[in-house]
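Trainee: I would like to see how this sequence folds:
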Amino acid sequence: MTIATTVTTVDVPVTPLAIIGAGPIGAVAALALSARGVPVRMFEARAPGTGKVDQRAIAVSWGSRLALEPLGIWSRLARVDPIERVSVSERGAFGSIEFSASDLGVPALGYVVDYGDLARACADALADAGIAVAYGTALVALDAKRAPMRLTLAAETGATYTLDAQCVVLADGAEASGADAALRRHERVYRQVALIGEVACTRFRRAQAFERFAGSGPLALLPRRDHYACVWVLESEPARRLLDAGAPAQARALEAAAGPGFGAMQWLAAPRELPLALRWRTSDDEARVIPIGNAAQLLHPVAGQGFNLGVRDALALAAEWPAARRGSDIFDVRDDATVRDDLDRGVARTALDQALRRFRRARRVDRALTIALTDGMARITAIDNPAAAVLRGVGLCVLDVVPNVRRRVLQTLVFGAP
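Mentor: Numbering: from 1, shown residues only. As a prediction, this is how the structure comes out:
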């Protein structure tokens with residue numbers, strides 16, 4: 001007697017693209033890709049609305065504003081404070097430079113926005129574009145060796161499920177995701193922390209930002225409506241002593257670092273301490289796991305470039321994403337002039353593989369230059385001795401009197417490296 005056995009196969013859903021992390025950079029990527037007709041699945045480990053209460057100030061360059069406008073994000077921001085001029089100087093030494101929006105012929109070099117306001121604007125833009133986000137869903141494992149890749153996801157209820165994806169993008173909220181096995185991680189921990197908060201002064205200058213090399217690290221003052229958002233980098237031990245010293249001592253120390261040009265200063269609330277490190281992650285040229293934003297690089301705040309670099313990552317990915325030809329698929333092997341040499345060598349590349357290779361090449365210079373610039377500035381400004389202060393002052397003077405170099409530096413800070 002033969003007993004018939006029925007085997008039930010559970011189909012795992014497949015998506016062309018999964019974005020892990022629905023913070024601002026993940027949202028920019030999703031909106032830009034969706035505008036090109038790319039179907040997107042988004043997952044966010046945090047609960048909806050978590051980032052909206054974050055009042056941290058971030059600098060958004062003019063170049064990033066141009067990117068956010070057509071995506072429907074910029075017009076949703078409740079408040080933006082312009083930066084029309086940036087003054088950079090060395091405490092206790094000669095040498096300074098001032099950049100102006102008129103140097104580039106733009107209305108502003110950048111803007112100061114609240115992270116929470118930006119997160120809310122991004123979430124609203126995603127909703128209006130019909131892009132669903134699975135909140136409370138974390139990536140716990142990624143098998144990048146399969147084709148397609150298999151994601152294991154955990155919902156906030158405790159249930160786990162799997163999803164197959166042809167490409168996985170790790171965005172800002174995904175820095176600590178379960179995809180580390182598919183990436184190479186690099187790290188440099190600084191012996192510094194940042195004290196961040198809001199400060200008032202008796203000599204406030206509207207729309208003007210300041211970067212002051214103040215001994216053991218830079219002091220940045222970003223203009224809000226009638227006060228400054230402050231990011232003050234100090235060595236860890238002096239910072240802890242200052243945090244324990246109380247409000248009057250904190251105000252006096254801030255005045256000494258900023259110089260007499262701001263008059264009397266005070267913290268509007270107790271400053272918060274933020275550990276500082278440089279972290280960046282890379283993937284192989286053949287991999288379909290793409291880190292962007294903070295998942296790709298977590299920078300020192302000295303030049304305010306972290307968010308802007310992430311925006312450029314997201315836009316470049318959307319620009320390179322291939323369109324399927326009629327009767328074909330972006331996951332089919334391409335046999336055209338751009339890949340025929342590879343095919344002759346027995347390397348079968350799809351349109352998507354080619355696009356991801358172009359994306360990595362396109363982002364290589366901007367990423368490397370921005371990481372080197374912020375890391376170099378962090379380490380140079382941390383040297384606290386008179387000789388180093390004189391050298392930094394000379395460097396600022398040289399930069400100020402060489403117009404081509406000055407303009408190129410400013411263009412890189414506002415628009416990214418070419």
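Trainee: show me where the stretch 201-350 of the chain dips below the pLDDT cut-off.
Mentor: Residue ranges of the stretch 201-350 of the chain with pLDDT under 70: 324-349.
Trainee: show me the strands in it, by range?
Mentor: Taking DSSP state E, counting those that start in this stretch to define them, one finds strands in the stretch 201-350 of the chain at 208-213, 218-223, 228-235, 265-267, 272-282, 289-291, 297-298.
Trainee: distance of residue 97 relative to residue 60?
Mentor: 22 Å (C-beta to C-beta, to the nearest Å). The way it works is simple: take the backbone N, C-alpha and C, and place the C-beta from them, glycine included.
Trainee: go on, residue 286?
Mentor: 34 Å.
Trainee: between these two, which is the more surrounded one?
Mentor: Neighbour count, other C-beta atoms under 10 Å: between residue 286 and residue 60, residue 60 has more, with 24 against 10.
Trainee: what about the longest helix in the chain?
Mentor: Ranked by residue count, the top helix of the chain under DSSP state H comes out as helix 351-381.
Trainee: and that helix, how far out from the chain middle?
Mentor: The chain centroid and the centroid of helix 351-381 are separated by 12 Å under C-alpha atoms, centre = their mean, to the nearest Å.
Trainee: same check, this time on stretch 138-148
Mentor: 24 Å.
Trainee: rewinding a little: residues of the longest helix of the chain that come out buried?
Mentor: By neighbour count on 16 or more other C-beta atoms under 10 Å, the buried set for helix 351-381 is 351-356, 358-360, 362-363, 366-367, 370-371, 373-375, 377-378, 381.
Trainee: over to stretch 142-161?
Mentor: Of all the residues in stretch 142-161, those buried under the rule 16+ other C-beta under 10 Å are 142, 144, 148-151, 153-154.
Trainee: for the longest helix of the chain, packing partners?
Mentor: For helix 351-381, the packing partners by 3 or more C-beta pairs under 8 Å, 6 or more residues apart in numbering; DSSP states H and E come out as strand 160-170, strand 184-201, strand 272-282, strand 297-298, helix 306-320, helix 386-401, helix 403-415.
Trainee: partners of the third one, with directions?
Mentor: Strand 272-282 has the following sheet partners, assigned by DSSP bridges: strand 184-201 (antiparallel), strand 297-298 (antiparallel).
Trainee: in the longest one, which residues are buried?
Mentor: By neighbour count on 16+ other C-beta under 10 Å, the buried set for strand 184-201 is 190, 192-201.
Trainee: with stretch 382-389 instead?
Mentor: 382, 388-389.
Trainee: also stretch 275-282?
Mentor: The neighbour-count check on stretch 275-282 (16+ other C-beta under 10 Å) flags 276, 278-282 as buried.
Trainee: now do it: everything it contacts.
Mentor: Contacts to stretch 275-282, defined as C-beta atoms under 8 Å, 6 or more residues apart in numbering, come from residues 175, 180, 183-190, 192-194, 233, 291, 295-301, 367, 371, 374-375, 378.
Trainee: helices and strands around the helix or strand where residue 97 lies, which ones?
Mentor: In the assignment (DSSP states H and E), residue 97 maps to strand 96-100. Counting contacts by 3+ C-beta pairs under 8 Å, 6+ apart, strand 96-100 packs against strand 85-90, helix 386-401, helix 403-415.
Trainee: re the thing from before, with distance to residue 242 added, can I get the strands of the stretch 201-350 of the chain in JSON lines?
Mentor: Formatted as JSON lines, those follow (distance: least, C-beta to C-beta, whole Å):
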{"stretch": "strand 208-213", "distance to residue 242": "16"}
{"stretch": "strand 218-223", "distance to residue 242": "13"}
{"stretch": "strand 228-235", "distance to residue 242": "7"}
{"stretch": "strand 265-267", "distance to residue 242": "11"}
{"stretch": "strand 272-282", "distance to residue 242": "10"}
{"stretch": "strand 289-291", "distance to residue 242": "35"}
{"stretch": "strand 297-298", "distance to residue 242": "24"}
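Trainee: the ones you listed: which one's closest to residue 317?
Mentor: Of all the strands of the stretch 201-350 of the chain, it is strand 289-291 that lies closest to residue 317, at 6.5 Å by C-beta to C-beta.
Trainee: given that closest one, what are its sheet partners and their directions?
Mentor: Counting by DSSP bridges, strand 289-291 is paired with strand 160-170 (parallel).
Trainee: show residues contacting stretch 84-99.
Mentor: Stretch 84-99 is contacted from outside by 100-101, 107-109, 207-215, 257, 259, 386, 389-390, 392-397, 399-400, 406, 410, using C-beta under 8 Å, 6+ apart.
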